[in-house]
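**Student:** Compute the structure for the input listed below.
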Amino acid sequence: MTETPPPETFLGCRPNLLVSDLSASLRFYSEALGFRIGWHWSDRRARFLRDEHGEPGEPGTALVGRDRAQIILTQVAGVHSTWLHLDVPTPAQVDRLFEEWRARDVTVAEPPVTRPWGMYEMRLHDPDDHLLRVSSPPPPPST
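**Tutor:** Reported below is the predicted structural model:
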């Protein structure tokens, strides 16, 4: 007799990055990287904000997303550094993101390259020095 597997429990995972200035991070993720702002909560006002970026230094939490990737940003005092890995399906998409972000004057710390472990990856830092790794399977070998 075969058992029916249980339905999926986890529908996704949204990392929560701690940031020093939520409004600066919202500008970076939305204007530079092309994420959309899903919602923005103000701790000080105890409500959701209509103004996407809020006042500089205003504490709170926000959700940003692009395609199926979502990131929660929460303003907390102190130094923060996390590595966040964003998967894309093809090397051509990594290259398109590289060109898009370069056109928006985003500083890419390491341009796309095939890493020793086989992934095609570029790396950049957000305003709080979180490392964003954007990668895909490697390009096919040249013939």
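
**Student:** And the top helix by length along the chain, what's buried?
**Tutor:** Longest helix in the chain, counting residues (DSSP state H): helix 91-103. Using 16 or more other CB atoms under 10 Å as the test for burial, helix 91-103 gives Pro91, Val94, Asp95, Leu97, Phe98, Trp101. Just so you know, the C-beta spots here come from the backbone N, C-alpha and C atoms, and that holds for glycine as well.

**Student:** could I get those residues as CSV with pLDDT and distance to Leu18?
**Tutor:** As requested, the buried residues of helix 91-103 are exported to CSV (pLDDT from 0 to 100; distance: CB to CB, whole Å):
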residue, pLDDT, distance to Leu18
Pro91, 95, 31
Val94, 94, 27
Asp95, 96, 31
Leu97, 94, 24
Phe98, 97, 27
Trp101, 96, 23
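
**Student:** any chance of these in a markdown table, plus distance to Glu31?
**Tutor:** Formatted as a markdown table, those follow (distance: CB to CB, whole Å):
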| residue | distance to Glu31 |
| --- | --- |
| Pro91 | 26 |
| Val94 | 21 |
| Asp95 | 21 |
| Leu97 | 15 |
| Phe98 | 17 |
| Trp101 | 11 |
